[in-house]
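Engineer: Next input, structure requested:
(2 chains)
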There are 2 protein chains.
Amino acid sequence: MVDTAALQKYSLFGGLLPEEVERIRPLLGHEEHAPGELVMREGEPNDRIYFIVEGRVEVSRRGVVLVELGEGETFGEMELLDVMPSAATVKVLAPLSVATITNRAVHEIFRLEPRSFALIMMNLARDLSRRLRRMDGIVSGA
Amino acid sequence: MVDTAALQKYSLFGGLLPEEVERIRPLLGHEEHAPGELVMREGEPNDRIYFIVEGRVEVSRRGVVLVELGEGETFGEMELLDVMPSAATVKVLAPLSVATITNRAVHEIFRLEPRSFALIMMNLARDLSRRLRRMDGIVSGA
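Structural biologist: You can find the predicted model right below:
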């Protein structure tokens, strides 16, 4: 299990008190993936948020690399939020250790820890907003 | 003041009970803008979420039109979330009636109505996710 201090420094858990992170921690999963593995495949369903504790991945769509992600960054949240098949393929570049939050765990957090849920959702929205700003910039040629 | 039934049908308030919408309603502002007016200007600060009750706007960046928005859609949430200057210019196309949620009101909702805050943040994240999916699609040539 990922330790509380490790989680707390990441923006996804920004604003949460140590005891709140501690109470959520047992609801998280953990996965390891080797370089070259596909963690998510474009068009296939995905039921969890992946939170990178260590390693590096490449996010691509129709073969076009959109972005690389590393420690402290998340993927999979879009599918969880908008209930659509995976928007992208995620390939491991450097040995990957991820904490996962399944759809079921998200509902548990909402039920048991509404304040933490609110902050995590705000942090996710903030991250999506930054990414959207970057993509808008690319589309407008900035 | 925008009425509760009108607000409740929109996705931003999805999941909120009528009494919860009723309690939040006094925290919202209201603005009207004429066609041609610029409601937000790229590069300038913005301290509120705009929620379109009626009308139509065009969102552009560096002169490139990114999207048009209408009834039930929001803008300004990116600046509120990531605390950066406006990412885009928003110009009124058809007479605009908007409900506004200022930064201050967002904090009040978090303090007084944590469950509503959580749902609104999730709804915002969902909307950002859909928009990001669309922009990713454009960038990858889908």
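
Engineer: Next, the angle from the longest helix seen in chain A to helix B:114-139.
Structural biologist: With DSSP state H setting the assignment, residue counts place helix A:114-139 as the longest helix in chain A. Between helix A:114-139 and helix B:114-139, the angle formed by their directions is 20 degrees, by axes from the mean of the first three to the mean of the last three C-alpha atoms, to 10 degrees.

Engineer: averaged over its residues, what pLDDT does helix A:114-139 have?
Structural biologist: Taken as a whole, helix A:114-139 has an average pLDDT of 87.

Engineer: Okay, buried residues for that helix please.
Structural biologist: Neighbour-count burial for helix A:114-139, with 16 or more other C-beta atoms under 10 Å in any protein chain shown as criterion, is recorded at A:115-136, A:139. Where you see a C-beta, it was placed from the backbone N, CA and C, and this is true even at glycine.

Engineer: list the helices and strands that helix packs on?
Structural biologist: Under the contact criterion of 3 or more C-beta pairs under 8 Å, 6 or more residues apart in numbering or on different chains; DSSP states H and E, the helices and strands touching helix A:114-139 comprise helix A:18-24, helix A:77-82, helix A:103-112, strand B:48-61, strand B:64-69, helix B:77-82, helix B:114-139.

Engineer: Reformat those into a markdown table and put distance to residue A:30 next to each item.
Structural biologist: Supplementary listing: those in a markdown table, determined by distance: least, C-beta to C-beta, whole Å:
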| stretch | distance to residue A:30 |
| --- | --- |
| helix A:18-24 | 14 |
| helix A:77-82 | 17 |
| helix A:103-112 | 12 |
| strand B:48-61 | 36 |
| strand B:64-69 | 38 |
| helix B:77-82 | 29 |
| helix B:114-139 | 24 |
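
Engineer: of these, which approaches residue B:102 most closely?
Structural biologist: Between residue B:102 and those, the shortest separation by C-beta to C-beta is 4.5 Å, and it involves strand B:48-61.

Engineer: So what are the sheet partners of the closest one and their directions?
Structural biologist: strand B:64-69 (antiparallel), strand B:74-75 (antiparallel), strand B:89-102 (antiparallel) (DSSP bridges).

Engineer: looking at the ones you listed, which is buried most?
Structural biologist: Sort those by mean neighbour count, taking mean count of other C-beta atoms under 10 Å in any protein chain shown, and strand B:74-75 sits at the top with a mean of 22.

Engineer: show me the contacts for the closest residue to residue A:53 other than its chain neighbours.
Structural biologist: Leaving aside its sequence neighbours, residue A:53 sits nearest to residue A:97 (C-beta to C-beta, 6 or more residues apart in numbering or on different chains; 4.6 Å). By C-beta atoms under 8 Å, 6 or more residues apart in numbering or on different chains, the residues touching residue A:97 are A:30-32, A:52-55.

Engineer: Repeat the analysis, applying 10 Å as the threshold.
Structural biologist: With contact taken as C-beta atoms under 10 Å, 6 or more residues apart in numbering or on different chains, residue A:97 is in contact with A:2, A:30-33, A:51-55, A:71.

Engineer: can I get those residues in JSON lines with distance to residue B:62, neighbour count and pLDDT?
Structural biologist: Converted to JSON lines, the contacts of residue A:97 look like this (distance: C-beta to C-beta, whole Å; neighbours: other C-beta atoms under 10 Å in any protein chain shown; pLDDT from 0 to 100):
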{"residue": "A:2", "distance to residue B:62": "41", "neighbour count": "18", "pLDDT": "70"}
{"residue": "A:30", "distance to residue B:62": "43", "neighbour count": "12", "pLDDT": "94"}
{"residue": "A:31", "distance to residue B:62": "41", "neighbour count": "13", "pLDDT": "95"}
{"residue": "A:32", "distance to residue B:62": "43", "neighbour count": "13", "pLDDT": "97"}
{"residue": "A:33", "distance to residue B:62": "39", "neighbour count": "18", "pLDDT": "98"}
{"residue": "A:51", "distance to residue B:62": "34", "neighbour count": "24", "pLDDT": "92"}
{"residue": "A:52", "distance to residue B:62": "32", "neighbour count": "19", "pLDDT": "94"}
{"residue": "A:53", "distance to residue B:62": "37", "neighbour count": "19", "pLDDT": "92"}
{"residue": "A:54", "distance to residue B:62": "38", "neighbour count": "14", "pLDDT": "94"}
{"residue": "A:55", "distance to residue B:62": "35", "neighbour count": "19", "pLDDT": "97"}
{"residue": "A:71", "distance to residue B:62": "32", "neighbour count": "13", "pLDDT": "93"}
